[in-house]
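In: Quick check, what structure comes out for this input:
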Amino acid sequence: MADTNFPKPGPGFDAGHVPITEEFDSARRTLPPVAPLAVALVVVVVFVAGVAYIFRSKPIAQGHVDQAFAMQQQDNPYSMVLMQVTLRNVGGTMLYIKEIKATITTDKGESSDDAASAVDYARYLQAFPDLQAYATEPLRVETKIPPGGEAKGSVMAAFPITKEEFYARKDLSVTIIPYDQKSIELREKGNAPAK
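Out: Below you'll find the model as predicted:
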């Protein structure tokens, strides 16, 4: 014969016999105490703020377009633009230039071009002799700028605009793309067209 002697429940909570005055949907039964919850929330907020501060985006470099000059050959629909730029490494690591681009905004819209290679400067300056007087040492790809260092040089690009449209431009910028870091955008000082 099967054993029908079940152990008797000990004193404690009996879900079948809960007085009506004990409602389990009240805040006292469903929410944790307020003080520990507030302390935990403050600790989490301080931790997140600390991590955000430590890993915030820090500038790696700054600079500007010092001057810009353009020349257009007769019967050509584009202008060659020579920009003199200054770039300072304000970060804590070596800055290596990977790529250089230039962008101009005129009434016709925005146009971009990769900077001319430094080995082609002599050829371009021969084709556009008016720019020879403004040319400085080219800012080269693979230039290394140490922390606290500075690089100055010329950037040359061709845009499908006339010389008059260049001098009536709305904006001109040079974008330096370094290895393993964010792009650096150099704008004209005072954002005013040079003539």
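In: Would you mind identifying the next helix or strand past the helix or strand bottoming out on mean pLDDT in the chain?
Out: Sorting the helices and strands of the chain by mean pLDDT, DSSP states H and E puts helix 27-30 at the bottom, at a mean of 59. Sequence order places helix 34-54 as the next helix or strand after helix 27-30, per DSSP states H and E.
In: Pull the residues that contact the next helix-or-strand element following that following helix.
Out: Counting by DSSP H and E, the next helix or strand C-terminal to helix 34-54 is strand 61-71. Strand 61-71 has contacts (C-beta atoms under 8 Å, 6 or more residues apart in numbering) with 79-91, 95, 128, 130-131, 134, 145, 152, 163, 166-167, 172-174, 176, 178, 184, 186-189, 193-194. Heads up, the C-betas are built off the backbone N, CA and C, glycines and all.
In: what sits against Ile60?
Out: By C-beta under 8 Å, 6+ apart, the neighbours of Ile60 are Asn89, Val90, Gly91, Thr93, Leu95, Pro178, Gln181, Lys182, Ile184.
In: Quick check: buried residues in stretch 169-177?
Out: Neighbour counts over stretch 169-177 (16 or more other C-beta atoms under 10 Å) mark Arg169, Leu172, Ser173, Val174, Thr175, Ile176 as buried.
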